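Novice: return atomic coordinates for the entry below.
(one chain, ligands or ions: 1)
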Amino acid sequence: MARRVALEDPSRRLGRIGPVLGRLHLHAASLESFPSIYQIFRAVQPEECYHLAAQSFVSYSFDDEFSTLNTNINGTHFVLAALKDVVPKCRFYFAGSSEMFGKVTEIPQIETTRFHPRSAYGISKVAGFDLTRNYREAYGIHASSGILFNHESPRRGFEFVTRKITSGVARILAGQLNELRLGNLEAKRDWGHARDYVEAMWSMLQQEQPDDYVVATGKSHSVSDFVRNAFGLVGLDPKKFIVTDPEFYRPAEVQILVGNAAKAQATLGWRPKTDFAGLVHEMVITDCASLGITLPSAKSAETG
Ligand code: GDD
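Specialist: You can find the predicted model right below:
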């Protein structure tokens, strides 16, 4: 499903899924319009529905709480309500988030860890998570939520810290940038590869019973660690380029996230295949290649 504006300008708006566009049938609809979602369910009669759409940039949710809450909460409600009416047998996946844990009450976080969201985005995901559970319990919908920790890839948006760093490294090497401005370098995240995480999503919908699962690597690294690894790969000294800028600090920060995916491992047989060093390497290499810079393809040792 894609918005009409995106369909009309595919090279700009859908560029990141360019390589698979030919294998997809995109339907015009908007998360903000219940009728448009309803019509797609009626036309497609899907067996599985992966509801990943959202205003997903945490930082932006502080600038515009209203549209984040509206789109994310109503959008999820619209999808569930239409699905229940039109295709109640359709299996449903909701993209929950480790941001729901926010100010964490235990380390590592598991499915039963109490939620304490720290942003409108996190709050909207808790609401979506509860809606999903309630449609499962009240209406018998096969509805599951993945509580996914940060998952990255070379297709990550440039505003997220991982891609900001790896694209920054490439631009510094290419002589297009001489400093990289970042916010809180001490924040820690459990970063995995999106490629691995979509397998977990799919797997949840293949189970007889719907349920909620943490999907994480179990290892946490700071933003500084990510910087050190990415710059180290190309032999640059980050101290010469990183500038901390208050503009990129958040009014309420999630300091540490680290998940325990034991349940996903036991029930879904899921395990991440790409480690932190492999992820950083793949992202740096791809961003460098896009600017015509070739790096050795062997994995580097993780540092920091
Ligand atoms: N974006 C950004 N830009 N983040 C920065 C910067 C910067 O310049 N400097 C430091 N950070 C810190 C943020 O404060 C945060 O602690 C961490 O880097 C990660 O920020 P993001 O990459 O923007 O991701 P996120 O953790 O807020 O959210 C992502 O992961 C969630 C799952 O935990 C998003 O993908 C969410 O949609 C997702 O739910």
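Novice: rest of the way, CA atoms for contacts and neighbours
Specialist: Will do.
Novice: kindly export the lowest-mean-pLDDT helix or strand in the chain (C-alpha atoms) in CSV.
Specialist: Ranked by mean pLDDT, DSSP states H and E, the weakest helix or strand in the chain is helix 10-13, scoring a mean of 89. Output in CSV follows, covering the C-alpha atoms of helix 10-13 (Å, rounded to 0.1, in the frame of the first residue of the first chain):
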residue,chain,number,x,y,z
PRO,A,10,8.1,6.7,-7.6
SER,A,11,11.7,7.5,-8.3
ARG,A,12,11.9,10.0,-5.4
ARG,A,13,9.4,8.6,-3.0
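Novice: helix or strand right after that helix?
Specialist: helix 34-44 (DSSP states H and E).
Novice: centre of the chain versus that following helix, how much separation?
Specialist: Put simply, helix 34-44 sits 25 Å off its chain's centre (CA atoms, centre = their mean, to the nearest Å).
Novice: and the next helix or strand past that helix?
Specialist: Remark: after helix 34-44, the chain's next helix or strand is strand 48-51, criterion DSSP H and E.
Novice: is the ligand within reach of that following strand?
Specialist: No. Figure legend: strand 48-51 not in contact with the ligand (CA under 6 Å from any ligand atom); closest approach 13.1 Å.
Novice: for that strand, which residues meet the burial criterion?
Specialist: Glu48, Cys49, His51 (16 or more other CA atoms under 10 Å).
Novice: which parts of whichever helix or strand comes after it are buried?
Specialist: Using DSSP H and E, the helix or strand that directly follows strand 48-51 along the chain is helix 58-63. Neighbour counts over helix 58-63 (16+ other CA under 10 Å) mark Val58, Ser59, Tyr60, Ser61, Phe62 as buried.
Novice: and the next helix or strand past helix 58-63?
Specialist: Counting by DSSP H and E, the next helix or strand C-terminal to helix 58-63 is helix 65-69.
Novice: packing partners of that following helix?
Specialist: helix 120-139 (3 or more CA pairs under 8 Å, 6 or more residues apart in numbering; DSSP states H and E).
Novice: the helix it packs on vs the ligand: in contact?
Specialist: No. Residues of helix 120-139 are not located near the ligand by CA under 6 Å from any ligand atom, the shortest gap being 7.5 Å.
Novice: touching that helix from outside, list them.
Specialist: 55-58, 61-62, 65, 68-69, 72-73, 76-77, 80, 84, 94, 96-97, 99-100, 102, 115, 117, 141-145, 210 (CA atoms under 8 Å, 6 or more residues apart in numbering).
Novice: which of the residues you listed count as buried?
Specialist: 55, 58, 61-62, 68-69, 72-73, 76-77, 80, 84, 94, 96-97, 99-100, 102, 115, 117, 141-145, 210.
Novice: near the ligand too, which of the residues you listed?
Specialist: Applying CA under 6 Å from any ligand atom to those, those adjacent to the ligand are Val58, Ser97, Glu99.
Novice: in JSON lines: these, plus pLDDT.
Specialist: As requested, these are exported to JSON lines (pLDDT from 0 to 100):
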{"residue": "Val58", "pLDDT": "97"}
{"residue": "Ser97", "pLDDT": "98"}
{"residue": "Glu99", "pLDDT": "98"}
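Novice: just to revisit the earlier point, in strands, which of the buried ones among the contacts of helix 120-139 fall?
Specialist: If you go by DSSP state E, the buried ones among the contacts of helix 120-139 have Phe94, Gly96, Ser97, Ala143, Ser144, Ser145 in strands.
Novice: widest-spaced pair of the residues you listed?
Specialist: The span of those, defined through CA to CA, is set by Ser97 and Ala143 at 15.6 Å.
Novice: close to the ligand: what parts of this structure are there?
Specialist: Close to the ligand, as judged by CA under 6 Å from any ligand atom, the chain has residues 56-58, 97-99, 149-150, 159-162, 182-185, 187, 223, 248-249, 254.
Novice: in helices, which of the residues you listed fall?
Specialist: In helices, judged by DSSP state H, the following of the residues of the chain next to the ligand are found: Val58, Val161, Thr162, Val223.
Novice: redo those as TSV? Include distance to Gly122.
Specialist: Output for those, formatted as TSV (distance: CA to CA, whole Å):
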residue	distance to Gly122
Val58	8
Val161	17
Thr162	19
Val223	20
